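Engineer: Need a 3D model of the following:
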Amino acid sequence: MKSIKINGTVEFINLATGFWAILGDDGEKYRPVHMPDQLKKEGKKVTCRIKLIDEEFSIMMWGKPVKLVSFET
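Structural biologist: The predicted structure is shown next:
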């Protein structure tokens, strides 16, 4: 799958065990499967290249699961 570029804001979502997410400037909700530590700051503005992924199972029923290909802060 081709990567896409998004701009957004990093947020911590306090559901279930809690997780880091990106609220896209396009209104979409993105849930990186492995959020890098350098992005884990509430309110941080980011530009990322992502790939949408399929998850077989997740307890996090929020947003689109994505893999971060690259990012800028």
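
Engineer: Going by neighbour count, list what's buried in whatever helix or strand residue 11 lives in.
Structural biologist: Assigned by DSSP states H and E, residue 11 belongs to strand 4-13. Neighbour-count burial for strand 4-13, counted by 16 or more other CB atoms under 10 Å, picks out 6, 8, 10. C-beta: built from backbone N, CA, C; applies to glycine.

Engineer: Could you export those residues as TSV, including pLDDT and distance to residue 49?
Structural biologist: Formatted as TSV, these follow (pLDDT from 0 to 100; distance: CB to CB, whole Å):
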residue	pLDDT	distance to residue 49
6	97	8
8	98	12
10	98	16
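
Engineer: Just send those back as TSV, with distance to residue 42 too.
Structural biologist: Below are the buried residues of strand 4-13 laid out as TSV (distance: CB to CB, whole Å):
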residue	distance to residue 42
6	18
8	13
10	7
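
Engineer: for this protein, where's the lowest mean pLDDT among helices and strands?
Structural biologist: In the chain, no helix or strand scores lower on mean pLDDT, DSSP states H and E than strand 64-72, which sits at a mean of 92.

Engineer: Tell me the strands beside that one, with direction?
Structural biologist: As defined by DSSP bridges, the strand partners of strand 64-72 come to strand 29-32 (parallel), strand 45-52 (antiparallel).

Engineer: And the contacts of the longest one?
Structural biologist: Applying CB atoms under 8 Å, 6 or more residues apart in numbering, the contact partners of strand 45-52 are 1-10, 22, 30, 32, 39, 64-73.
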